[in-house]
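Chemist: my questions concern the predicted model and sequence given below.
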Amino acid sequence: MNAGEPERWDVAGAVVLWLATATVVVLLLPLGLHPDDVGVMQFVSQHGYGDVWTTPFMRLFYRPLVVTIAKLGTDLFGPGALPLRVLQGALVSAIILSFVGLLRESAGRFARSAGGLCLLASPLVFVTVTPFAVGVADTIVLLSFLIAVRLALVQQGSEPGTLWSFIGLSIVAVLAKESGVLVVAFCVAESVRRRAWAASTALLALGGAYLAVRSSFVHVQPYGFKTGFLLGMYGPRELRSMFGESPYLFYLYNVACNLSSALFYIPVKGQLRVSLRIAVVAVVVTATSLVAMRQLVRSGEYRRWMPLLGVLFLNAVLGYLYVRARIMFVGYAVIAIFFVRAMDDLWKRPQQLLGLSGRSIAVTLWLSWIGLWVAVIVRLRLQAAAALDATIAS
């Protein structure tokens, strides 16, 4: 490889990533309201700003920050999806920008661009929440998480500013969505690693207070959602008849499936089924996970990355009630971070894997994620067209 070729790959990676990001943001704008969004809009039209902080919507979800944003958008612009879609696009752009800058000091430009494309095109991340205008909740949590990770990597000591930032980011995350507890967990782990005991205690108290407040508003049903189990898909009533009042085997299955879906994409929605599309996506996701975990094992830096690994496993545990790709929204960002490190290692260090050079494997993975990005674009385009048709019909 001549002297100028690595730079050309860097430019190509960056161009593809930002073209992909811009395309996703543009295609978000025409998407209308999902039925869940309509429920939120009806909720905010019937409640004041103070009420949304004490009343869960749909009797299941306590996400006061996002509901407040939805109410503010409705009051200012009317009950449409566009304000939330604009915010969603801005948050997607901010997430990709934050992700690319995450490992700036330790990974090259091509590897970081490839990791950003992986995050953007993953079937477990943005594409899973685009049907929902209130999917801004997930993006707020993920952006808070990435900022916290960046602070943890840049500031290795127990600087007061970093610790206060951990607390602020944790508050924003848990008020946006239940998965915000992953941000709290990461910040607690980092504070403990730094031996910042006061910050650790404050964050634990914050997490405990949030769980206490949420439990006073929301009563969790043991079988609240339709989900897969082995070869079938079952509703809450069927699941209750199968597992009765001791659903622990079912919960364990869901946790394992959520983790497996993040690493290998299979099973889909908890159901063990295979199609050509699922098989193709599974090959790319599995290859990405394997090279990411291979580099982690070879580096031996488990202690440094333990907080991130903890987030990945905790994310799967949080999804114990049912299996969906979007449950692993934050957890897949962890895999994407490890993927960046693996791509950088393949790109910079001479090595052979399965008879191929490291750079050949890196380019193959990059091209594979470009292919998945095209599939994402097609899906978003179809969703946008369906939303437009529905608007015309109404």
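Modeler: Okay, I see it.

Chemist: leaving out chain neighbours, which residue sits closest to S165?
Modeler: L151 (5.6 Å; Cβ to Cβ, 6 or more residues apart in numbering). All C-beta atoms are positioned from the backbone trio N, CA, C, and that covers glycine.

Chemist: wait, is that neighbour part of a strand?
Modeler: No: read with DSSP: H, G, I helix; E, B strand; the rest coil, L151 is helix and lies in no strand.

Chemist: so what's it up against?
Modeler: By Cβ atoms under 8 Å, 6 or more residues apart in numbering, the contact set of L151 is 162, 165-166.

Chemist: can you add distance to V330, pLDDT and secondary structure and give these back as CSV?
Modeler: Compiled in CSV, those are given as follows (distance: Cβ to Cβ, whole Å; pLDDT from 0 to 100; DSSP: H, G, I helix; E, B strand; the rest coil):
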residue, distance to V330, pLDDT, secondary structure
T162, 20, 74, helix
S165, 18, 83, helix
F166, 16, 84, helix
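
Chemist: which among these end up buried?
Modeler: In these, burial by neighbour count holds for 162, 165-166, counting by 16 or more other Cβ atoms under 10 Å.

Chemist: need those residues in TSV with distance to L87, can you?
Modeler: Putting the buried ones among the contacts of L151 into TSV (distance: Cβ to Cβ, whole Å) gives the following:
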residue	distance to L87
T162	27
S165	22
F166	24
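
Chemist: out of those, flag the one nearest to L97.
Modeler: In terms of Cβ to Cβ, no member of these lies closer to L97 than S165, at 17.8 Å.

Chemist: so that closest one touches A148, yeah?
Modeler: Yes: using Cβ atoms under 8 Å, S165 makes contact with A148 at a distance of 7.5 Å.

Chemist: outside of the worst-scoring helix or strand of the chain on mean pLDDT itself, list whatever touches it.
Modeler: One helix or strand of the chain scores below all others by mean pLDDT, DSSP states H and E: strand 352-353, with a mean of 74. Applying Cβ under 8 Å, 6+ apart, the external contacts of strand 352-353 come out as 291, 346, 358, 361.

Chemist: can I get those residues in CSV including neighbour count?
Modeler: Formatted as CSV, these follow (neighbours: other Cβ atoms under 10 Å):
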residue, neighbour count
V291, 22
L346, 25
G358, 19
I361, 20
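
Chemist: so can I have CSV of the residues you listed showing secondary structure and distance to V255?
Modeler: Output for those, formatted as CSV (DSSP: H, G, I helix; E, B strand; the rest coil; distance: Cβ to Cβ, whole Å):
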residue, secondary structure, distance to V255
V291, helix, 25
L346, helix, 31
G358, helix, 34
I361, helix, 31
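
Chemist: identify the residues contacting stretch 56-65?
Modeler: With Cβ under 8 Å, 6+ apart, stretch 56-65 has contacts from 36, 39-40, 43, 52-53, 67, 134, 137, 140, 172, 175-178, 213-214, 217-218, 224.

Chemist: mind giving me the PyMOL select for the residues you listed, buried ones only?
Modeler: Command for PyMOL that selects the buried part of the contacts of stretch 56-65, burial taken from 16+ other Cβ under 10 Å:
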select buried, resi 36+40+43+52+53+67+134+137+140+172+175+176+177+178+214
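
Chemist: and the helices in the stretch 201-350 of the chain?
Modeler: Assigned by DSSP state H, counting those that start in this stretch, the helices in the stretch 201-350 of the chain fall at 236-243, 248-264, 276-299, 302-318, 329-348.

Chemist: what angle sits between the shortest one and helix 248-264?
Modeler: Using axes from the mean of the first three to the mean of the last three Cα atoms, to 10 degrees, the direction of helix 236-243 lies 110 degrees away from that of helix 248-264.

Chemist: count of residues packed around the spatially closest residue to S113 that is not a sequence neighbour?
Modeler: Among residues not flanking S113 along the chain, G13 sits closest, at 3.2 Å (Cβ to Cβ, 6+ apart). Look at G13: counted by other Cβ atoms under 10 Å, it has 23 neighbours.

Chemist: for G13, which residues are in contact?
Modeler: Applying Cβ under 8 Å, 6+ apart, the residues near G13 are 109-110, 112-114, 117, 366.

Chemist: hmm, try it at 7 Å
Modeler: 109-110, 113-114, 366 (Cβ atoms under 7 Å, 6 or more residues apart in numbering).

Chemist: what helix or strand is it on?
Modeler: Using DSSP states H and E, G13 sits in helix 5-28.

Chemist: just to revisit the earlier point, pick the most buried one from the helices of the stretch 201-350 of the chain.
Modeler: The highest average neighbour count among the helices of the stretch 201-350 of the chain, using mean count of other Cβ atoms under 10 Å, belongs to helix 329-348 at a mean of 25.

Chemist: what packs against that one?
Modeler: On a contact count with 3 or more Cβ pairs under 7 Å, 6 or more residues apart in numbering; DSSP states H and E, helix 329-348 meets helix 109-121, helix 136-154, helix 248-264, helix 276-299, helix 302-318, helix 358-393.

Chemist: how about the CA coordinates for it, as CSV?
Modeler: Extracted in CSV, the C-alpha atoms of helix 329-348 (Å, rounded to 0.1, in the frame of the first residue of the first chain):
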residue,chain,number,x,y,z
PHE,A,329,-30.0,0.1,21.7
VAL,A,330,-27.3,1.2,24.2
GLY,A,331,-25.7,-2.2,24.4
TYR,A,332,-25.0,-2.3,20.7
ALA,A,333,-23.1,1.0,21.0
VAL,A,334,-20.8,-0.9,23.3
ILE,A,335,-20.2,-3.5,20.6
ALA,A,336,-19.6,-0.7,18.1
ILE,A,337,-16.9,0.9,20.3
PHE,A,338,-15.1,-2.5,20.5
PHE,A,339,-15.5,-2.8,16.8
VAL,A,340,-13.7,0.5,16.2
ARG,A,341,-10.7,-0.8,18.2
ALA,A,342,-10.8,-4.1,16.3
MET,A,343,-10.9,-2.3,12.9
ASP,A,344,-8.0,-0.1,13.9
ASP,A,345,-6.0,-3.1,15.0
LEU,A,346,-6.8,-4.9,11.7
TRP,A,347,-5.9,-1.8,9.7
LYS,A,348,-2.6,-0.9,11.4
